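# 3D, please:
(2 chains)
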Amino acid sequence: IFTFNTLIDALCKAGRMTDAAQTLQLMVEKNVNPNVVTYSTMIDGYGKSGKGPEAMELYRKMREANVRPDRVTYNTLLDIYGKAGMLAEALNICQEMERAGWKTDVVTYNALIDAYGKQGNFRQAGKLFEDMKAVGLKPNVLTYSALIDSYSKAGRHKEAQAAFEDFKRAGLKPDVVLYSALIDAFGKNGMVDEALMVLREMMREGIQPNIVTYNSLIDAYGRVGQVDRALKTLETMKGVGISPNCVTYNTVIDAYGKEGRAEEARQLFKRMQDDGATPDAITFSALIDASGKSGDTPGAVRIFREMQDAGVKPNVVTFSAILSACSRCGTCEDAAILLSEMRNSDGHVY
RNA sequence: CGCGACGUCGACUAAA
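Numbers count the residues shown, from 1 in each chain, chains lettered A, B, ... in the order given. Sure thing, here's the model as predicted:
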């Protein structure tokens, strides 16, 4: 059973849910009964691949098979609902968990704090943080990262910083994620100097910035219009052996666009491909927006075509960007054509 | 009865 569980977990983590489901099937055929770990693993896998309904369906089957969910199962379900923004359902799971005789733990609170934070409800996130301490649970690094991120997303850099001080007073050791979250909190508020100070502190503590840390910094430069420094940071990361990824390029491309430098955005797009980074819908949307904002509607439409040729699926943001590009220059015909394409592409956009 | 073992939580990018 360990073998099967480990295999299923590996398949889930690789996003191969079909194979994972077949493995579960195979288990049953071999008369190995799936246990609570098997089910929890699969449920988590479905959740992580955006298949919430399948996750819940499997949860139902699990109980039909008389396998009792445990703390991990409940926390997994709670996190799936939380990530989907379904907080009422998440809280229901919490109650169900307690009714089944399980105590909520640090993971439960961390997942809830994260969920509220992502909704912009930093007050509730902060309240949960107090609650967990009140019931005698010790916040860990993940708790603080989620809390800091909650404040960051709500534009509350002061509270984010206060949480960080509190963290250090609690005698916990910050890691790269926590530092990056703080850097991002400052960056999102245009406080590049403070972000850089955090970077220096983390390096002084011997913690190496990773790709996300660099991406956050690049984003910070972009937000204050320092595209050239953003690009320089991209080069710096290459210099220390970190290959820029799709997010890195997207961030700089967007920064060029926001500065009205659409041509440089397109050049970077070429470099990105030479570098072996695969453009995604965000890349193209940023490029379309860059052309649109610089008044180049035909250019925006050309990029949209290029996107289709590349086989990248446009989404609502892509269409929104191209429509506003068209509306700026009054080419209603183009807009009408694109609108019909968006119906074809997705059946249910609007 | 105790203990151990596989599964759960945190940071970065696009339009309005």
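# For A:Asn35, which residues are in contact?
For A:Asn35, the contacting residues are A:Ile1, A:Asn5, A:Val67, by C-beta atoms under 8 Å, 6 or more residues apart in numbering. No exception for glycine: its C-beta is placed from N, CA and C like everyone else's.
# Now A:Lys173: closest residue in space that isn't a chain neighbour?
Sequence neighbours aside, A:Val141 is the residue nearest to A:Lys173 in space, at 7.6 Å (criterion: C-beta to C-beta, 6 or more residues apart in numbering).
# now the contacts of A:Asn35: which count as buried?
Neighbour-count burial (16 or more other C-beta atoms under 10 Å) is assigned, among these, to A:Asn5, A:Val67.
# Looking at the contacts of A:Asn35, which one is closest to RNA strand B?
A:Asn5 (3.2 Å; C-beta to the nearest atom of the strand).
# pLDDT score for A:Ile337?
In this model, A:Ile337 is scored at 63, pLDDT.
# Residue numbers of the stretch 51-200 of chain A in contact with RNA strand B?
With C-beta under 7 Å from any atom of the strand as the criterion, the stretch 51-200 of chain A meets RNA strand B at residues A:70-73, A:75-76, A:79, A:83, A:106-107, A:110-111, A:114, A:118, A:140-146, A:149, A:153, A:175-178, A:180-181, A:184, A:188.
# if we can go back for a sec, what would the contacts of A:Asn35 look like in a markdown table with pLDDT?
Below are the contacts of A:Asn35 laid out as a markdown table (pLDDT from 0 to 100):
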| residue | pLDDT |
| --- | --- |
| A:Ile1 | 86 |
| A:Asn5 | 93 |
| A:Val67 | 95 |
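# In helices, which of the contacts of A:Asn35 fall?
Among the contacts of A:Asn35, DSSP state H puts A:Asn5 in helices.
# How many residues are close by A:Pro34?
Using other C-beta atoms under 10 Å, A:Pro34 has 23 other residues around it.
# Report the secondary structure element holding it.
A:Pro34 is part of no helix or strand when elements are defined by DSSP states H and E.
# Got the phi and psi for it?
Main-chain torsions, A:Pro34, degrees, to the nearest 10: phi -60, psi 140.
# Identify the residues contacting it.
Here A:Pro34 is in contact with A:Phe4, A:Leu24, A:Met27, A:Val28, A:Ala65, A:Val67 (C-beta under 8 Å, 6+ apart).
# Which among those count as buried?
Buried among those by 16+ other C-beta under 10 Å: A:Phe4, A:Leu24, A:Met27, A:Val67.
# wait, which of the residues you listed is closest to RNA strand B?
A:Phe4 (8.1 Å).
# where does the closest residue in space to that closest one that isn't next to it in sequence land in three-state SS?
Among residues not flanking A:Phe4 along the chain, A:Met27 sits closest, at 5.1 Å (C-beta to C-beta, 6+ apart). A:Met27 carries the three-state label helix when classified by DSSP: H, G, I helix; E, B strand; the rest coil.
# Which pLDDT value goes with A:Met27?
For A:Met27, pLDDT reads 92.
# Give me the contacts around stretch A:269-279.
Looking at stretch A:269-279 with C-beta under 8 Å, 6+ apart, the contacting residues turn out to be A:Ser243, A:Pro244, A:Asn245, A:Cys246, A:Thr248, A:Tyr249, A:Ile253, A:Thr283, A:Leu287, A:Ala310, A:Val312.
# check contacts around the third one.
Each residue near A:Asn245 by C-beta under 8 Å, 6+ apart is listed here: A:Ile211, A:Asn215, A:Ala277.
# And for A:Ile8?
A:Ile8 neighbours (C-beta under 8 Å, 6+ apart): A:Ala20, A:Thr23, A:Leu24, A:Thr38, A:Thr41, A:Met42, A:Gly45.
# Pull the number of nearby residues for the fourth one.
Right, A:Thr38. With neighbours defined by other C-beta under 10 Å, the count for A:Thr38 comes to 22.
# so how far is A:Asn31 from it?
A:Thr38 sits 14 Å away from A:Asn31, taking C-beta to C-beta, to the nearest Å as the criterion.
# quick one on the thing from earlier: can you pull the contacts of the residue nearest to A:Phe4?
A:Ile1, A:Phe4, A:Asn33, A:Pro34, A:Thr38.
# Name the nearest of those relative to A:Trp102.
A:Thr38 (18.7 Å; C-beta to C-beta).
# Who are the packing partners of whichever helix or strand that closest one is part of?
If you go by DSSP H and E, A:Thr38 is part of helix A:36-48. Under the contact definition 3 or more C-beta pairs under 8 Å, 6 or more residues apart in numbering; DSSP states H and E, helix A:36-48 sits against helix A:2-13, helix A:17-29, helix A:52-64, helix A:71-83.
# ok, the closest residue to A:Asp296 other than its chain neighbours to A:Arg123 distance?
Using C-beta to C-beta, 6+ apart and skipping the chain neighbours, the partner closest in space to A:Asp296 is A:Ala262 (6.2 Å). Going from A:Ala262 to A:Arg123 by C-beta to C-beta gives 41 Å.
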